[in-house]
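*Asks:* This is a predicted model, with the sequence first.
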Amino acid sequence: MAMRVDLLQESYAQLYELLGEDLTAKIYDMYRGRQISFPMRLYNRDKVAEQIVEEYDGHNLAQLTREYEYSQRWIRQIIQKNREQEEK
């Protein structure tokens, strides 16, 4: 049975516009009745820190800042903390 778009709650109507009927129905089935909030950042901070340590080559601080949308200061702190741990 087709979804009645004109009767949808606002949040479901927005999902319908964005994703279509099938995905809206799946989201409804999976999450109905739950309160969901989405973090401001897409990526997990701890996982990003690990990735930065792997990718940092001594010259790509600005590139990492743009790619992961964290401040240069925070990235420098992660790199410094990693150096200190390696020295121990």
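*Replies:* The structure has been received and is ready for your questions. As the structure is a prediction and not an experimental result, all values here were calculated from the model.

*Asks:* Give the burial count for residue 11, as a bare number.
*Replies:* 11 (other CB atoms under 10 Å). Backbone N, C-alpha and C define where each C-beta goes, glycine included.

*Asks:* That one: helix or strand, and which one exactly?
*Replies:* Taking DSSP states H and E as the definition, residue 11 sits inside helix 10-19.

*Asks:* what about that helix, average pLDDT?
*Replies:* Averaging pLDDT along helix 10-19 gives 96.

*Asks:* Summarise which helices and strands the longest helix seen in the chain is packed against.
*Replies:* In the chain, assigned by DSSP state H, the helix with the most residues is helix 72-87. If you count contacts as 3 or more CB pairs under 8 Å, 6 or more residues apart in numbering; DSSP states H and E, helix 72-87 packs onto helix 45-55, helix 61-68.

*Asks:* quick one, that helix and helix 61-68 angle?
*Replies:* Angle of helix 72-87 versus helix 61-68, following axes from the mean of the first three to the mean of the last three CA atoms, to 10 degrees, is 110 degrees.

*Asks:* which ones are touching residue 56?
*Replies:* Contacts for residue 56 (CB atoms under 8 Å, 6 or more residues apart in numbering) come out as 64, 75, 79.

*Asks:* ok, 7 Å please
*Replies:* Contacts for residue 56 (CB atoms under 7 Å, 6 or more residues apart in numbering) come out as 64, 79.

*Asks:* can you list the helices and strands packed on helix 72-87 in a markdown table and add distance to residue 37?
*Replies:* Putting these into a markdown table (distance: least, CB to CB, whole Å) gives the following:
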| stretch | distance to residue 37 |
| --- | --- |
| helix 45-55 | 16 |
| helix 61-68 | 21 |
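
*Asks:* among these, which is nearest residue 17?
*Replies:* helix 61-68 (29.7 Å; CB to CB).

*Asks:* that older thread, run the angle between the longest helix of the chain and helix 45-55 for me.
*Replies:* Using the same axes, to 10 degrees: helix 72-87 against helix 45-55 is 70 degrees.
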